[in-house]
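# here are the coordinates; sequence isn't available:
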């Protein structure tokens, strides 16, 4: 589960961690979010792309203390995004999740 500790909102109940090289490479390319996969978490990741993706995504860049250092709302396909130097992981969510949850930069996340 991914939860915003500052406002109590649940951003994802079934996230998948992209640890293996193939999973990291594929990410959300040519797949969609579902009840069984409602977020992708990329450890040791400071930049992403949305090439070959089928939909817009929300992106959170998170530092080592679990604090959001950059939010991107509705990043369309065929774009790139980089994180601030302090980011250590990236979370990809369905577009609209950040606004719906009221999550913002500076909030702390719980990543289970």
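Sure thing, it's come through. Since the structure is predicted, the reported quantities are computational estimates derived from the model, not experimental observations.

# can you give me the strands in this protein?
Taking DSSP state E as the criterion, the chain carries its strands at 2-4, 10-12, 15-17, 39-43, 47-49, 57-63, 68-75, 80-82, 87-94, 109-111.

# tilt between the fourth one and strand 57-63?
Meaning strand 39-43. Angle, strand 39-43 to strand 57-63, by axes from the mean of the first three to the mean of the last three Cα atoms, to 10 degrees: 30 degrees.

# Which elements pack onto strand 39-43?
strand 15-17, strand 87-94 (3 or more Cβ pairs under 8 Å, 6 or more residues apart in numbering; DSSP states H and E). Placement of C-beta: from N, CA and C, glycine included.

# Now for the chain, the helix or strand with the poorest mean pLDDT.
For the chain, counting by mean pLDDT, DSSP states H and E, helix 21-26 ranks last in confidence among helices and strands (a mean of 67).

# residues contacting residue 15?
By Cβ atoms under 8 Å, 6 or more residues apart in numbering, the contact list for residue 15 reads 1-2, 37-41, 91, 111.

# for residue 57, same thing?
Shown here is residue 57, whose contacts under the criterion Cβ under 8 Å, 6+ apart are 28, 50, 74-75, 92-95.

# With residue 58 instead?
So residue 58 contacts 71-75, 92-98 (Cβ under 8 Å, 6+ apart).

# which residue is nearest the middle of the chain?
Centroid-nearest residue in the chain: residue 91, 1.8 Å away (criterion: Cα atoms, centre = their mean).

# For the nearest residue to that one once chain neighbours are set aside, name its beta-bridge partners.
Once flanking residues are discounted, residue 91 sits nearest to residue 60: 4.2 Å by Cβ to Cβ, 6 or more residues apart in numbering. Residue 60 has these beta-bridge partners by DSSP bridges: residue 71, residue 91.
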